[in-house]
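[1] I need the structure of the sequence given here:
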Amino acid sequence: MRLHPAVTDLPRRAAGLVGRVLGPPGRALARAGRAAGRLAGRRIEIVVAVAAGAMCGVLLWLLGPGLQGWFVAQGMDSQRADLLSAMVLVILATAIVGAVSRRAGATRIGGLLGFIGIQIIPFLIQAANEPSTPGLRYTEDISGWILQPLGMLLLAVVCVIVGAALGVGLARDAARIPALLRRRWLWLAIPIAIALIVAASGAAITALQQGPFSALRDYSVGSGGPVTAVAPPTQPSGSMAPDGPVTATPDISLLRQLPGQIQYLNIGAHPVDVYVPGLYLSDSSVSLPVLYLLHGTPGQPSDWIQGAQLVGVLNQLIGDGDIPPMFVVLPNGDRADTSDTEWGNSAYAQVESWLVDEVVPTIDSDYPTLGAEYRGIAGLSSGGYGAVNIAIHQPSTFSFAASYSGYFIGLSSIFGSQWRANSPLYTAAGVPTPERFPIYLGAGTTDTLYRPDTTQFANTLAAIGWTNCEYQTVPGGHGWVAWEPEFVNSLNWLGELWGPTPWLDPPGTG
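    Got it, this is the predicted structure:
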C-alpha cells in the first residue's frame, strides 16, 4: 500500500509542535520525531523492495516450470529457457509491485535482488557443481565466471526498468531525471556504469545466444590457440586419384597435433562453415573422413563454434588420437522465409535436397574426402531429428548418424501429409538390414521433453533388430551441459568405428 507523504511525515510534525510548546524537552522529542519519520519512510521502501523480491520467487513457483517448458518446446536449450523465464518473471513481478506501491526505485531494487535469487545464484551453484565433459582438458575461464553474472545482471536491469515503467509509469521516471542529474556523485558513477555495461553487454549476448554455461570453461587448452579463419581451397581436389585412393603415410603422431581452423564457404547461396584439421593444412594429399553437424532451432552454425567450442574440442580429440583427423561441416539450415525447416524437404524449403545434392558433392570436390563409408551426420535438438531423418532417407550417402537430445516424429505443421514419411520412428524399419548404419542417441537425464522420445526411438530400433545403436544418458537438461558430453561421447565411438588412420583403408563406394 502506498502511504501519503503526510502520513510518514506526521511524527516529525507532531514532535515539532510539541517542541515549540514544551521548550528544551520538547526539542529533544522533536529530534526523536524527525528520526521516526525518516525511519517510517525507509521502512516503506524496504517493504516494497522485499515485496518485489518475494514476488519474483512466488511467480517462479507458480509459473516458472510451465514457462521454462514452453521455451524449451520452442527450441530453446534449458539454460536459455531458464534465463528467459527469469527475465519474464522479473518484469511481471516489478510491474505488479510497482503498480501497487508507486515506488519505482524500491521496486527495481527488489526486482534485481529477486533476479539474483531466482537466476544468478542458482546458475552459479549449478555451474560450480556441474562436472566437466569427460575426456576433455579445460581451464576455468575466470572472466566468464565474472562477466556472465554481470551480463545476466545487465539483462535484469533492463527487465526491472521495463517492469517498473509498466507499473509506475514512464512519466514519473522522466520527472526525476533532472533531479538525478544535479547530484554530483552521479557524474562519477556514469563512466563506471558505462564501462560495466560495455563489459557485460557481450556476456549478456552470449548468455542469450548460447546460454551462460558456454563461457565458463575454455576447452581450447592445448589446442594450438584461437580459431583462425582461412581461405577455402583454390584448387578442387577429389577424394579419389585417377589410379585409386590416396594412401600417403604422413607422420600422424606429429601432424595430428597441429590445430585445425574454420573456413567459410557459400554453397547454393547459403553459408557453410568447415572445420579443417591441422593435418590437412600441412599435407592436403591425405583423404579424410567428413562429419556434418546440424544446428537446432532457433540456431546457426556458430552455435557449434561458440557453444560447443568445436575447434578446441576437435583439436583435443584429434591430438590425443581419440578420433582421426576429419573435416567437420556446419551447414546453415535456416531459410529467408522460415528459421524452422526441420532440415527436410517441405513446402517451406528443400533443405535435405540442398544438403545431399549440393553441399555433399561440393565438399567432396573441394576437399580430399573418403566418400560415403567415412561420412557421418549428427545434430542437436531439431538438428538431431534432421540428422537421423536424412540418414534414413539417404543410407547410401551417410554411414553414421547421431542425435543429441533430438526427437523422431516429423511435424505436420512443416511436412503436412508427409509427416509420417519424415518420422524416423516409423521409417527406420524400412531401411534394409545391409544398409543399416551405426546410430548414436544421447539425452540429458533431466530433459523431460526429449529424453522420453529418445528412449522410445532406441527401444524401437532394438525391436526391429537395428543392433548397431548406442544409447546414452548424461547429466543435464536440454542444453550444452548435456549436448557437449553427448557430442564427445559420439565422437569417441566414431573414432572406434573409423579407426585412427582411415585413409590407409581403401574406402567403399563414395
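[2] for His430, what are its contacts?
    That one is not His; residue 430 is Gly. Ile392 (C-beta atoms under 8 Å, 6 or more residues apart in numbering). C-beta coordinates here come from the backbone N, C-alpha and C atoms, glycine included.
[3] one more time with 7 Å
    By C-beta atoms under 7 Å, 6 or more residues apart in numbering, the contact list for Gly430 is empty.
[4] mind showing which ranges of the stretch 301-450 of the chain have poor pLDDT?
    336-339 (pLDDT under 70).
[5] Sorry, slip of the keys, the one I care about is the stretch 51-200 of the chain.
    In the stretch 51-200 of the chain, residues with pLDDT under 70: 73-76, 169-190, 197-200.
[6] how about the helices of it, start to end?
    78-101, 104-115, 121-129, 142-168, 170-181, 184-210 (DSSP state H, counting those that start in this stretch).
[7] what sits against the residue nearest to His270 when sequence neighbours are not counted?
    Residue nearest to His270 in three dimensions, not counting chain neighbours: Asn332, with 5.5 Å by C-beta to C-beta, 6 or more residues apart in numbering. By C-beta under 7 Å, 6+ apart, the residues touching Asn332 are 270-272, 300-301.
[8] likewise Phe437?
    Contacts of Phe437 (C-beta under 7 Å, 6+ apart): 391, 395, 398-401.
[9] Go again with 6 Å.
    399-400 (C-beta atoms under 6 Å, 6 or more residues apart in numbering).
[10] Return stretch 126-144 as CSV; C-alpha atoms alone will do.
    Below are the C-alpha coordinates for stretch 126-144, written out as CSV (Å, rounded to 0.1, in the frame of the first residue of the first chain):
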residue,chain,number,x,y,z
GLN,A,126,24.8,-25.4,-10.7
ALA,A,127,27.9,-24.3,-12.6
ALA,A,128,30.1,-24.9,-9.6
ASN,A,129,28.7,-28.4,-9.2
GLU,A,130,28.5,-29.3,-12.9
PRO,A,131,31.1,-31.8,-13.9
SER,A,132,33.3,-31.0,-16.9
THR,A,133,32.9,-33.0,-20.1
PRO,A,134,34.7,-36.4,-19.6
GLY,A,135,37.8,-36.9,-21.6
LEU,A,136,38.5,-33.2,-22.2
ARG,A,137,41.0,-30.9,-20.7
TYR,A,138,40.0,-27.3,-19.9
THR,A,139,40.9,-24.2,-17.9
GLU,A,140,38.4,-22.3,-15.8
ASP,A,141,37.6,-19.1,-17.6
ILE,A,142,37.7,-16.7,-14.7
SER,A,143,36.5,-13.8,-16.9
GLY,A,144,33.4,-15.9,-17.8
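[11] Return the distance of it from the chain's centre.
    16 Å (C-alpha atoms, centre = their mean, to the nearest Å).
[12] got the residue ranges for the strands in the stretch 251-400 of the chain?
    261-267, 270-276, 290-294, 327-331, 375-380, 400-404 (DSSP state E, counting those that start in this stretch).
[13] Ok, the stretch 401-510 of the chain next?
    Using DSSP E, counting those that start in this stretch, strands in the stretch 401-510 of the chain cover 439-444, 469-474.
[14] would TSV of those with mean neighbour count and distance to Tyr407 be doable?
    TSV is the format used below for the strands of the stretch 401-510 of the chain (neighbours: other C-beta atoms under 10 Å; distance: least, C-beta to C-beta, whole Å):
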stretch	mean neighbour count	distance to Tyr407
strand 439-444	27	10
strand 469-474	17	14
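[15] would TSV of the ones you listed with distance to Leu291 be doable?
    Converted to TSV, these look like this (distance: least, C-beta to C-beta, whole Å):
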stretch	distance to Leu291
strand 439-444	12
strand 469-474	16
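[16] for the ones you listed, which one sits closest to Gln126?
    Of all the strands of the stretch 401-510 of the chain, strand 439-444 sits nearest to Gln126, with 13.0 Å by C-beta to C-beta.
[17] and the angle from that closest one to strand 469-474?
    Interaxial angle, strand 439-444 versus strand 469-474 (axes from the mean of the first three to the mean of the last three C-alpha atoms, to 10 degrees): 10 degrees.
[18] tell me what strand 439-444 is packed against?
    strand 400-404, helix 451-463, strand 469-474, helix 480-498 (3 or more C-beta pairs under 6 Å, 6 or more residues apart in numbering; DSSP states H and E).
[19] Run through who's touching it.
    By C-beta under 6 Å, 6+ apart, strand 439-444 touches 401-405, 451, 454, 458, 469-473, 476-477, 482, 486, 490, 493.
[20] Out of the helices and strands packed on strand 439-444, which gets nearest to Pro134?
    helix 480-498 (6.2 Å).
[21] Go through the closest one and flag the buried ones.
    By neighbour count with 16 or more other C-beta atoms under 10 Å, helix 480-498 contains the buried residues 480-491, 493-495, 497-498.
[22] what do you get for stretch 254-265?
    Applying 16+ other C-beta under 10 Å to stretch 254-265 flags 255-263, 265 as buried.
[23] From one end of stretch 403-411 to the other, what's the distance?
    17 Å (C-alpha to C-alpha, to the nearest Å).
[24] Ok, stretch 429-441 next?
    17 Å.
[25] For it, what is the distance to the chain centroid?
    30 Å.
[26] Next: stretch 303-319.
    15 Å.
[27] Repeat that for stretch 84-101.
    25 Å.
[28] And for stretch 349-364?
    26 Å.
[29] circling back: reformat the helices and strands packed on strand 439-444 into TSV and put distance to Pro361 next to each item.
    Shown next, in TSV, are the helices and strands packed on strand 439-444 (distance: least, C-beta to C-beta, whole Å):
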stretch	distance to Pro361
strand 400-404	19
helix 451-463	29
strand 469-474	29
helix 480-498	21
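[30] Which of the ones you listed sits closest to Gly144?
    Proximity to Gly144 (C-beta to C-beta) singles out helix 480-498 among the helices and strands packed on strand 439-444, at 13.0 Å.
[31] For the closest one, name the packing helices and strands.
    So helix 480-498, by 3+ C-beta pairs under 6 Å, 6+ apart, packs with strand 400-404, strand 439-444, strand 469-474.
[32] Can you name the residues that contact the residue lying closest to His393 once chain neighbours are set aside?
    In this structure, His393 finds its nearest non-sequential neighbour in Glu352, 6.8 Å apart by C-beta to C-beta, 6+ apart. Residues near Glu352 by C-beta under 6 Å, 6+ apart: 344-345, 390.
[33] ok, 10 Å please
    The neighbours of Glu352, taking C-beta atoms under 10 Å, 6 or more residues apart in numbering as the test, are 333, 341-346, 386, 389-390, 393-394, 422.
[34] ChimeraX command to pick out the buried ones of the residues you listed?
    Typed into ChimeraX, the line below selects the buried ones among the contacts of Glu352, using 16+ other C-beta under 10 Å:
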select :333,341,342,343,344,345,346,386,389,390,393,394,422
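[35] between the contacts of Glu352, which is nearest Ala54?
    Nearest to Ala54 among the contacts of Glu352, with distances taken as C-beta to C-beta, is Glu342, at 42.4 Å.
[36] In this structure the closest one contacts Gly384, no?
    No: using C-beta atoms under 10 Å, Glu342 is not in contact with Gly384; the gap is 11.1 Å.
[37] Lovely, talk soon.
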